[in-house]
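> build me a structure from this.
(2 chains)
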Amino acid sequence: GAGVSQSPSNKVTEKGKDVELRCDPISGHTALYWYRQRLGQGLEFLIYFQGNSAPDKSGLPSDRFSAERTGESVSTLTIQRTQQEDSAVYLCASTATDTQYFGPGTRLTVL
Amino acid sequence: QKEVEQNSGPLSVPEGAIASLNCTYSDRVSQSFFWYRQYSGKSPELIMSIYSNGDKEDGRFTAQLNKASQYVSLLIRDSQPSDSATYLCAVVYSSASKIIFGSGTRLSIRP
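Below is the predicted model:
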């Protein structure tokens, strides 16, 4: 079956522009996570959606970052007024029971 | 603040030897434990999960869980150069709660 998909795979943007990243989880997975991974660094938790509960936004680094998820389907991560330090790979993962399945990531480069 | 701690490495092991990766976690109320492998430039992939005290073997991999001492380890027997990667430990503290990742241990298998 299809895994977690993310789009775009690569995004190059200019400083100050807004970007929107998309994640399509595995069908039926109730939980969805967004992570940021800078080059050579570990996973940095951003936000967690679990079913219809209020999302856990404790990892969002600033109010420029926001995310939405409609039901148990697609999620979008939006970064407003991008900065060079936002350059990273943004990973999405969806979860059945406790096992996470990661998407291929979106590589964001802010010039 | 629930934490998962790993030595960042790099851990260098000769080919054919046993690689031992360790992880400690901060909270005794924990349910599920995972090891993920991440190759450079790729997304993490699940290699082992363990839920009860003791050992769990899968091919060349053995996960060991000791809840009393709050550690989980991963042994890789007959290490191969293809095992060179970053290994991430992850813990879920209670059912349907957020998964917490350690920062990862970089493993290098030298021929």
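> thought A:S7 was touching A:V74?
No. A:S7 lies out of contact with A:V74 (CB atoms under 8 Å); the separation is 10.1 Å. For the C-beta atoms, the positions are set from N, CA and C on the backbone; glycine is no exception.
> common neighbours of those two, please.
Contact criterion CB atoms under 8 Å, 6 or more residues apart in numbering or on different chains; residues shared by A:S7 and A:V74: A:22, A:24.
> what sits closest to A:N52 if chain neighbours are left out?
Residue nearest to A:N52 in three dimensions, not counting chain neighbours: A:G71, with 7.7 Å by CB to CB, 6 or more residues apart in numbering or on different chains.
> quick one, phi psi at the one you found?
Phi and psi for A:G71, reported as degrees, to the nearest 10, are phi 60, psi -130.
> so what's it scoring on pLDDT?
Looking at A:G71, its pLDDT reads 80.
> list the buried residues of stretch A:56-75.
Across stretch A:56-75, burial judged by 16 or more other CB atoms under 10 Å in any protein chain shown covers A:56, A:59-60, A:65, A:67, A:69, A:72, A:75.
> what's the first-to-last distance across it?
14 Å (CA to CA, to the nearest Å).
> check whether the helix or strand of chain A with the lowest mean pLDDT contacts chain B.
Ranked by mean pLDDT, DSSP states H and E, the weakest helix or strand in chain A is strand A:99-102, scoring a mean of 90. Yes. Using CB under 8 Å from any CB of the partner chain, we find that strand A:99-102 touches chain B at A:99-102.
> tell me which helix or strand comes right after that strand.
Next helix or strand after strand A:99-102 toward the C-terminus (DSSP states H and E): strand A:106-110.
> which elements pack onto that following strand?
The contact analysis (3 or more CB pairs under 8 Å, 6 or more residues apart in numbering or on different chains; DSSP states H and E) places strand A:106-110 against strand A:10-13, strand A:19-24, strand A:88-96.
> 6 Å instead, please
Packing contacts for strand A:106-110, counted by 3 or more CB pairs under 6 Å, 6 or more residues apart in numbering or on different chains; DSSP states H and E, involve strand A:10-13.
> buried ones in the strand it packs on?
Counting neighbours by 16+ other CB under 10 Å, one finds that the buried residues in strand A:10-13 are A:11, A:13.
> okay, now A:P8: neighbour count?
For A:P8, the count of nearby residues is 13 (other CB atoms under 10 Å in any protein chain shown).
> who does the residue nearest to it when sequence neighbours are not counted bridge with?
What sits nearest to A:P8 in space, not counting adjacent residues and going by CB to CB, 6+ apart, is A:T106, at 6.0 Å. A:T106 has these beta-bridge partners by DSSP bridges: A:Y90.
> what's the neighbour count on A:T106?
A:T106: 21 neighbours (other CB under 10 Å).
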